[in-house]
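K.L.:
Sequence below, structure please.
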Amino acid sequence: MIEKPLEDINKEDIEKLIPDKREEGRMLEFKLELKIKTDGDKKEFIDDIISFANAIGGDIIFGIEEEELEGKNTGRAKDIKPISGWNENTVKLDIHNIIRSGVKPTLPIHVHPIDGFEKEGLVVLVRIPQGLFGPYINTKRTSPFCSRNSNGKYHMEIDEIRNQFITTMRMPERIREFRAERLSKVISDDTPYPLLPDPKLVIHYVPLKNFIGLIEGKQITFNSELKEKLKSFGIYRHNLDGLLSRENKDGNKYWEYTILFRSGCIEYVDSYKILMIPRNHQEREIFPIEPFITNFVEVVNNHKNILRILEVEYPVFMMVSLLGVRNLKIDPDKRYEHYRCERNDLILPEQLIQNETEWNKGIKEIADLIYQSFGMEQCDRI
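P.N.:
Numbering: from 1, shown residues only. Below is the predicted model:
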């Protein structure tokens, strides 16, 4: 695939494929034409898409002519032949409609039309992520499973299909095990820095593709460039898990810390900065819910920027927990005396963030659940 964020790929990147004699591979395929008009064309197009999703993802570039040798394509880029008959909006709409109706489960592909070439028309780059909920099937075929290797597309064998199903089914369990293990360390004070006593806010972010990579032994390399970008977030020193930050101190106890795991997962634990629970005995029962929500939104947006710097791929699980909050009330006013939390630990349901546009929705659902845990209907501040 072209090793750049999709939105940054431009005309010059496509033109460079020709003098570089770029070759197809497991993560890259060239197509001279975009054929999606007939039912047969659509079936073949869907096969191409899911073969990438059921392997390790990659790019298909439409509008590239390949070199030939003895009448056969060599897989090496020869010339740019922009396709005609579509504009940027219609080609996106047509491709997304075909994938939406012909692929199960839902597969979030990305379509990036590029123009400005000498010949009129578009080069269309379709980026397919590695499938995280597969195996993906072509609903328009009786033999619906395809994957991809270095030789191109092939139909999957029964054992390979079975293994993908098992991996997919176990993934939620593995993520919950990770969360449970990390929460048990916080609850038992087995943390990299000593924190103020409960209550505590704990947020975990798990990018699914990175989590699969961790299982397969793949890790992020924290090079000097990456660490420099992370300095503004206070993430500055190594530990066994990855990179670590801490902030503010009250005596020999810290307010918060952040761990950036080598897998791309993030753990954030706060015992005062975001929660703002008064530390004097008289006001210890108060949970200042409105300023908490404001601070919560700010910290999640900071973490979203960290994930962007790491160039992690969506979807991402966001998991929020509030520990040690039983009998806290949201307002010192006696009118709201019954608005108390009845549970000691709030382990809120996972939020699956499918893309950058879904963060606000996930934050809103978490905020509503927190308000409901204290007896109110919903959060009106988001």
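
K.L.:
domains in the protein, as residue ranges please.
P.N.:
Using automatic domain parsing, the domain ranges for the chain come out as 6-156, 163-373.

K.L.:
Lowest average pLDDT across those?
P.N.:
Among those, domain 163-373 carries the lowest mean pLDDT, at a mean of 81.

K.L.:
Please state the offset of that domain from the chain centre?
P.N.:
16 Å (C-alpha atoms, centre = their mean, to the nearest Å).

K.L.:
do the same with stretch 83-98
P.N.:
Per C-alpha atoms, centre = their mean, the centroid offset for stretch 83-98 relative to its chain is 26 Å.

K.L.:
Just the CA trace of that stretch, in PDB.
P.N.:
The C-alpha coordinates for stretch 83-98 follow below in PDB (Å, rounded to 0.1, in the frame of the first residue of the first chain):
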ATOM      1  CA  ILE A  83     -11.100   6.700 -15.500                       C
ATOM      2  CA  SER A  84     -14.100   8.700 -16.800                       C
ATOM      3  CA  GLY A  85     -17.800   8.600 -16.200                       C
ATOM      4  CA  TRP A  86     -17.700   9.600 -12.500                       C
ATOM      5  CA  ASN A  87     -17.100  12.700 -10.400                       C
ATOM      6  CA  GLU A  88     -15.700  12.500  -6.900                       C
ATOM      7  CA  ASN A  89     -19.100  12.300  -5.200                       C
ATOM      8  CA  THR A  90     -20.700   9.700  -7.500                       C
ATOM      9  CA  VAL A  91     -17.800   7.300  -7.400                       C
ATOM     10  CA  LYS A  92     -17.700   7.400  -3.600                       C
ATOM     11  CA  LEU A  93     -21.500   6.900  -3.500                       C
ATOM     12  CA  ASP A  94     -21.500   4.000  -6.000                       C
ATOM     13  CA  ILE A  95     -18.700   2.100  -4.400                       C
ATOM     14  CA  HIS A  96     -20.000   2.500  -0.800                       C
ATOM     15  CA  ASN A  97     -23.500   1.400  -2.000                       C
ATOM     16  CA  ILE A  98     -22.000  -1.800  -3.500                       C
END
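
K.L.:
residues of that stretch that come out buried?
P.N.:
83, 86, 91-92, 94-95, 98 (16 or more other C-beta atoms under 10 Å). C-beta coordinates here come from the backbone N, C-alpha and C atoms, glycine included.

K.L.:
what's that stretch in contact with?
P.N.:
Residues from elsewhere that reach stretch 83-98, judged by C-beta atoms under 8 Å, 6 or more residues apart in numbering: 33-34, 36, 42, 45-46, 62-63, 109, 111, 113, 115, 120-124, 126.

K.L.:
Can you turn the buried part of those into a ChimeraX selection?
P.N.:
To isolate the buried subset of the contacts of stretch 83-98 in ChimeraX, counting by 16+ other C-beta under 10 Å, use the following:
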select :34,36,42,45,46,62,63,109,111,113,121,122,123,124,126
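
K.L.:
Let's see which of the contacts of stretch 83-98 end up in strands.
P.N.:
Using DSSP state E, the subset of the contacts of stretch 83-98 located in strands is 62, 111, 113, 123-124, 126.

K.L.:
out of the buried residues of stretch 83-98, who's nearest residue 269?
P.N.:
Nearest to residue 269 among the buried residues of stretch 83-98 is residue 92, at 41.2 Å by C-beta to C-beta.

K.L.:
what kind of secondary structure is the closest one in?
P.N.:
helix (DSSP: H, G, I helix; E, B strand; the rest coil).

K.L.:
Distance of it relative to residue 151?
P.N.:
30 Å (C-beta to C-beta, to the nearest Å).

K.L.:
sorry, back to before: of the buried residues of stretch 83-98, closest to residue 304?
P.N.:
residue 92 (24.6 Å).

K.L.:
ok, residues contacting the helix or strand containing residue 320?
P.N.:
Under the criterion of DSSP states H and E, residue 320 resides in strand 316-323. Contact with strand 316-323 is made by 175, 179, 183, 186-187, 198-208, 300, 307, 341, 344-348, 350-353, 362, 366, 370, 373, as judged by C-beta under 8 Å, 6+ apart.

K.L.:
7 Å - rerun?
P.N.:
In this structure, residues lying in contact with strand 316-323 by C-beta atoms under 7 Å, 6 or more residues apart in numbering are 175, 179, 183, 186-187, 198-208, 307, 345-348, 350-353, 362, 366.

K.L.:
What about those, which are in helices?
P.N.:
Using DSSP state H, the subset of the contacts of strand 316-323 located in helices is 175, 179, 183, 186-187, 208, 307, 362, 366.

K.L.:
Just give the number of residues close to the residue lying closest to residue 342 once chain neighbours are set aside.
P.N.:
The shortest distance from residue 342 to any non-neighbouring residue, by C-beta to C-beta, 6 or more residues apart in numbering, is to residue 326 (6.9 Å). Counted by other C-beta atoms under 10 Å, the residues lying close to residue 326 total 13.

K.L.:
thought residue 326 was touching residue 346?
P.N.:
No. Counting by C-beta atoms under 7 Å, residue 326 does not reach residue 346; the two are 9.5 Å apart.

K.L.:
tell me which residues of the one helix or strand residue 50 maps to are tucked away?
P.N.:
Using DSSP H and E, residue 50 falls within helix 39-53. Of all the residues in helix 39-53, those buried under the rule 16+ other C-beta under 10 Å are 42-53.
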